[in-house]
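Asker: model this:
(one chain, ligands or ions: 1)
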Amino acid sequence: MSGTAEPTVFERIAAGEIPARMVLETERIIAFHDIAPQAPVHVIVTPRDGRHRDVVELAAADPELLAELVGAAKRIADELTDGEFRLIFNTGPAAGQTVFHVHAHLLGGGLREGSLA
Ligand code: 5GP
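Answerer: Reported below is the predicted structural model:
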């Protein structure tokens, strides 16, 4: 939890207070399907603990946890997609961040559709 502040929505998911379609749970990380998917596979990967508001803070404070989060994303992508994926950390309101509890958007599956590459 984030000190005396209200728990974040993701802390409430981690605590089982808000239901979510979980895809992975470890001691320090949870991952679940986004409620408003933007890709065939759209999973939120986040620490259980919401004390770090964004990836810049997390990288400075606990780089091991950030590495754990990226490793979890790779394991999920291997399971749910062809193993190739986008990992997006919206950082700050102007960049579209709405939940101030660091999290990665794991996007995959069908991303090549419509590509000019
Ligand atoms: P942000 O905009 O902060 O980068 O991403 C927050 C993401 O969390 C959004 O994509 C939003 O759809 C997702 N989200 C917000 N509340 C919930 C919820 O209660 N359950 C689930 N599964 N996803 C949520």
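
Asker: Only C-alpha atoms from now on, for both contacts and neighbour counts.
Answerer: OK.

Asker: if I pick the residue nearest to residue 39 when sequence neighbours are not counted, what's in contact with it?
Answerer: Distances taken as C-alpha to C-alpha, 6 or more residues apart in numbering put residue 107 closest to residue 39, at 6.0 Å, once the chain neighbours are dropped. Applying C-alpha atoms under 8 Å, 6 or more residues apart in numbering to residue 107 gives the contacts 38, 39, 40, 41, 42, 43, 85, 86, 87, 88.

Asker: Need the per-residue pLDDT for residue 114.
Answerer: You'll see residue 114 listed with a pLDDT of 46.

Asker: Tell me which strands the biggest strand by length in the chain pairs with, and in which orientation.
Answerer: Across the chain, the longest stretch assigned as strand under DSSP state E is strand 41-47. Using DSSP bridges, strand 41-47 pairs in its sheet with strand 29-33 (antiparallel), strand 104-108 (antiparallel).

Asker: helix or strand right after that strand?
Answerer: Of the helices and strands lying after strand 41-47 in sequence (DSSP states H and E), the nearest is helix 55-61.

Asker: Show me which residues of that next one are buried.
Answerer: For helix 55-61, the neighbour count (16 or more other C-alpha atoms under 10 Å) marks 55, 58 as buried.

Asker: where does that helix sit relative to the chain's centre, distance-wise?
Answerer: Its chain's average C-alpha position is 14 Å from that of helix 55-61, according to C-alpha atoms, centre = their mean, to the nearest Å.

Asker: Show the subsequent helix or strand relative to that helix.
Answerer: Immediately after helix 55-61, counting by DSSP H and E, sits helix 63-80.

Asker: list the buried ones in that next one?
Answerer: Neighbour count says helix 63-80 has 65, 66, 69, 70, 72, 73, 74, 76, 77, 80 buried, by 16+ other C-alpha under 10 Å.

Asker: residue nearest the centroid of this structure?
Answerer: When C-alpha atoms, centre = their mean is applied to the chain, the residue found nearest the centroid is residue 45 (2.5 Å).

Asker: and the ligand, which of the strands paired with strand 41-47 is closest to it?
Answerer: strand 29-33 (5.3 Å; C-alpha to the nearest ligand atom).
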